[in-house]
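Chemist: sharing a model that was predicted from the sequence below.
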Amino acid sequence: ARIWDSESGAVIHSLTGHDQEITDTAVHSSQALIVTCSKDTTFRVWDFRTSIHSVNVYQGHSASVTCAVFTAHHDSIVSGSDDSTVKVWDLRNMRTAISTIQCDASVNKLAISDDSHHTMAIPFDNRHVRLYDLQGSYLARLPRRSQPGHQRMVCSAAWAGDDNPANLFTCGFDNRTIAWKITLDHDSHR
């Protein structure tokens, strides 16, 4: 992966180390951290907070790591994989995942809300989106029985602020974007 200066077009940094193709990348919202995911079953967190740049390699998936997202207010990162798992990791301890969610299909993408609940939305090929908390507890499935949903694979999800009429947006291979208003009683799911 390369980091480019958008004004000059010059390469600022080359991030080397993955053994196979890079599948996803993300940046931390408030810290100088970048994550890269790869088909080599790892993801790497590149730390640019000091003049001596470092990289931490996270291992724990048995297939391609397809996505990773930093949590907004915690020192953690969430990764998804073709091994049908989602794992929550502590950025200070990369040895083992804090929690693991076993899914029934590969995880293509995931999104985490910026609110205090840090609700995780995981879109799936079966037209559904499942919601979990960071401890791995199942919260809900979209669509619910009374709501229309996607007709084909859901390929992405994104959270907006709670002050919006809708706070979760999903898009799918059915050429539709659906806006959802998610309100969960997190205490009842613990």
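Modeler: Sure thing, it's come through. Because the structure is a prediction, the values reported are computed rather than measured.
Chemist: please make it C-alpha for all contacts and neighbour counts, starting now.
Modeler: Fine.
Chemist: in what helix or strand does the residue lying closest to residue 71 once chain neighbours are set aside lie?
Modeler: Leaving aside its sequence neighbours, residue 71 sits nearest to residue 77 (CA to CA, 6 or more residues apart in numbering; 5.8 Å). Secondary structure assignment for residue 77, by DSSP states H and E: strand 76-81.
Chemist: ok, residue 27 - contacts?
Modeler: Going by CA atoms under 8 Å, 6 or more residues apart in numbering, residue 27 touches 33, 34, 35, 70.
Chemist: quick one: low-confidence residue ranges for the protein.
Modeler: 73, 145-146, 185-190 (pLDDT under 70).
Chemist: let's see it at 50
Modeler: Regions of the chain meeting the criterion pLDDT under 50 cover residues 187-190.
Chemist: how many residues are close by residue 62?
Modeler: For residue 62, the number of neighbouring residues by other CA atoms under 10 Å comes to 15.
Chemist: swap that for residue 58, please
Modeler: A count of nearby residues for residue 58, using other CA under 10 Å, gives 20.
Chemist: one step back: which residues touch the residue nearest to residue 71?
Modeler: Contact analysis of residue 77 by CA under 8 Å, 6+ apart lists 68, 69, 70, 71, 88, 89, 90, 91.
Chemist: and which of the contacts of residue 27 is nearest residue 45?
Modeler: Ranked by distance to residue 45 (CA to CA), the contacts of residue 27 are led by residue 35 at 4.4 Å.
Chemist: hmm, back to that, now the contacts of residue 27 in CSV, with secondary structure, distance to residue 18 and neighbour count?
Modeler: Below are those laid out as CSV (DSSP: H, G, I helix; E, B strand; the rest coil; distance: CA to CA, whole Å; neighbours: other CA atoms under 10 Å):
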residue, secondary structure, distance to residue 18, neighbour count
33, strand, 17, 17
34, strand, 14, 19
35, strand, 12, 22
70, strand, 20, 23
